[in-house]
Every structure is written in C-alpha cells, then in structure tokens.
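> could you look at this predicted model? Sequence included:
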Amino acid sequence: MNRMLHRTPTVVLAFAMAFAMAVLPAAAQSDFPSKPVRLVHGFTAGGISDVLARSIGARLSASLGQQVVVDPRPGAGTTIASEQIAKSPGDGYTLFLQDITTHAINASLYRRLPYDSVRDFTPITLIAATPLILVVHPSLPAVSVKELTALARKRPNDISYGSSGNGTIVHLAGEMLKAMADIKIVHVPYKGSPQAITGILGGEIVLLFSTMPPALPMVAAGKLRALGVTTPQRTGAAPEVPTMKEAGLREFELVLYSGILAPRGVPQAVVDRLNAEFGKAVRSPDVQNVYNRVGALPVT
C-alpha cells in the first residue's frame, strides 16, 4: 500500500505529460497558420503556374489571416523545386503548386530523381486544368494545323519549335505533334514559357506550344497566330481557336493539370484545413475571373 502511495505522484505526472504531449500538437494544428505560408512553384514568373499561384495566394492570404508568399524556383524541369519541397518540414507552412510535369512526366522521364514522387509528398488538392495553345510566328505561311504539317513535311528539320525546358509538358506537346503528324521539327528549349514567347517573337523559333497567359496577349495583338488548343473542348479564353482534334489530329489531347502538394508528414488536420481553403479560393469570384482569362477550368 505504501509502495503504491509512494508511486502515485510519479504515475500522475506520467499521465499528465502524456496528455500534454497529445494536446499540444492538436492545439498547434488548430492555430494553423500562425505565420506566413510559402507557396513554391517550379517555373519562371509569368507562366500559368505563376499566375495561378499569385491569384490563389492572394485569396488565401485573406482567408487564412497570414500572408501567402509565392516563391518561384525554376530549373531542371521542376526537379529543383520538387527536391526543396521534399526536404522541407512537414508542417504545412511550405506548399508546392505543381503540375503534370513534376509528378507524372518527371517520374517517367528520369531514371533517378532526388526524391520519391509519392512517398516524399502529401497531396492537398487539385486546383486547375488548362490547355496549351499552339502558336506560330506570322512569317510562317501556315494558317491551320494541316497547312503547318504539310509545310513541315516539305521542309524536314527546317522548322524549329520552342519549349519551357527539356521534359516539360510544352516539350512533350511538340514531340506529340512530331509523332502524330509524322513530321521532323527541331526542338529549342528555353527557361520558361515567357522566354519561349520572347524567342518566337524575335524569330529564333517559329512554332510553340505555350501556356495561355504569355501567349494570349500576343495572339490578340496579331504578333502570333494561334492554330489550336490541346484540350478536348475549345477554351472560353480563345473560343475562336479550334482544338487539335478539330484541326485534324484526332488523337491529340493534352491537359495541364495543376495541384497542391506539401512535404511528407503534414498532420491530417492541417491537410483538411488547407484542402478546404484552397477549394474556397478556387471557387471565389476573383480567382474565377483569372481562370476565365487564362482558359483554366477549376478542379478541386
């Protein structure tokens, strides 16, 4: 009896410590976020990922009560940004706006990556599906995909196309065109879609599959000619531009899916909060206006 009484304070203390350890993480999660959140993407400023990040980030800053800082980390086909996210703390304060390049293309294209595409990340939500748009320099004597492919067959390896980097979806779109149309065109990689737009405007290349934000203003100004979009349906941002299927390549379909990931180990309560907040942001009128301008469809 005396032995049990002697041990009672120790037992009570042990239970108290265990309870505190259980409660403190829950309390911390309920207070999330208590500091700014960093939203990383792997592309240069001005492309679709940057536009989505900044529009949604501004909305999240208001709803979360903490600043959401957009942090572009371009390079190496998004593997630089991916590795940085994979090595960040799993606390919800570092997020990754990624697209099909990061966790579909790279996982298939590269034999070795400095991270595991599934194990090292926590999925939060999808946010958008967007088309690519095929544009050509006005000097190219082609006003349709059929005329373009016919010209390319007459001039093998004489027509150059740009991309936002090796292994990106923009690069693979050009390779799909080569394969499906049975043509030979030359690939010229750039650091991002805005840089590729600069290249085509300057005549360094004459053909480009681009994300919508940097290309649409140039099409509207008559500086580039749009021949097709890669989604199954036409986009409201450029309703006059046919799909690649309508343009004659019936199997050509390529959708740029974008979503939010976090490092491994983010608590479920934080995941649920972020999932809900991103969903509300995507459905908000101001973000919807941005989506409409760039031809993005909301996906959550």
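Done, it's in.
> gap between residue 290 and residue 250?
The gap separating residue 290 from residue 250 is 32 Å, by C-beta to C-beta, to the nearest Å. Glycine gets a C-beta too; all of them are placed from N, C-alpha and C.
> who's more crowded, those two?
Neighbours were counted for residue 290 and for residue 250 using other C-beta atoms under 10 Å; residue 290 has more, 19 against 11.
> tell me the SS of the closest residue to that one other than its chain neighbours?
Nearest non-adjacent residue to residue 290, counting by C-beta to C-beta, 6 or more residues apart in numbering: residue 55, 4.1 Å away. Assigned state for residue 55: helix (three-state reduction, DSSP: H, G, I helix; E, B strand; the rest coil).
> what's the pLDDT at residue 55?
At residue 55, the pLDDT value in this model is 96.
> can you check residue 275 too?
97.
> residue contacts, it?
Listed by C-beta atoms under 8 Å, 6 or more residues apart in numbering, the contact set of residue 275 reads 124, 125.
> any idea how far residue 146 is from it?
Residue 275 is 44 Å from residue 146, by C-beta to C-beta.
> can you check residue 46 too?
For residue 46, the distance to residue 146 - C-beta to C-beta - is 31 Å.
> between the two, point out the one with more neighbours.
Using other C-beta under 10 Å, the more surrounded residue of residue 46 and residue 146 is residue 46, with 17 against 14.
> ok, and what's touching stretch 104-122?
77-79, 82-83, 85-87, 90, 96, 102-103, 167-169, 172, 261-266, 271.
> which ones among the residues you listed lie within strands?
Of those, the ones assigned to strands by DSSP state E are 96, 261, 262, 263.
> just give me the closest of those residues to residue 63.
residue 262 (17.4 Å; C-beta to C-beta).
> one step back: restricted to helices, list the contacts of stretch 104-122.
Counting by DSSP state H, the part of the contacts of stretch 104-122 found in helices is 79, 82, 83, 85, 86, 169, 172, 271.
> got the contact list for the third one?
Spelled out, it's residue 83. Taking C-beta under 8 Å, 6+ apart, one finds 113, 114, 115 in contact with residue 83.
> most neighbours out of the residues you listed, which is it?
residue 115 (18 neighbours).
> leaving out the residues flanking it, which one is nearest to that residue?
Nearest to residue 115 is residue 86, by C-beta to C-beta, 6+ apart, at 3.8 Å.
> so the one you found sits against residue 264, correct?
Yes: between residue 86 and residue 264 a contact is recorded at 7.4 Å, counting by C-beta atoms under 8 Å.
> sketch out the low-pLDDT regions of the chain for me.
Scanning the chain for pLDDT under 70 picks out 1-30.
> the strands in it, which residues?
37-41, 68-72, 94-99, 121-130, 132-136, 160-163, 186-189, 207-211, 225-229, 256-263, 297-298.
> and of the ones you listed, who's closest to residue 243?
Of the strands of the chain, nearest to residue 243 by C-beta to C-beta is strand 225-229, at 5.6 Å.
> got the angle for the closest one vs strand 207-211?
60 degrees (axes from the mean of the first three to the mean of the last three C-alpha atoms, to 10 degrees).
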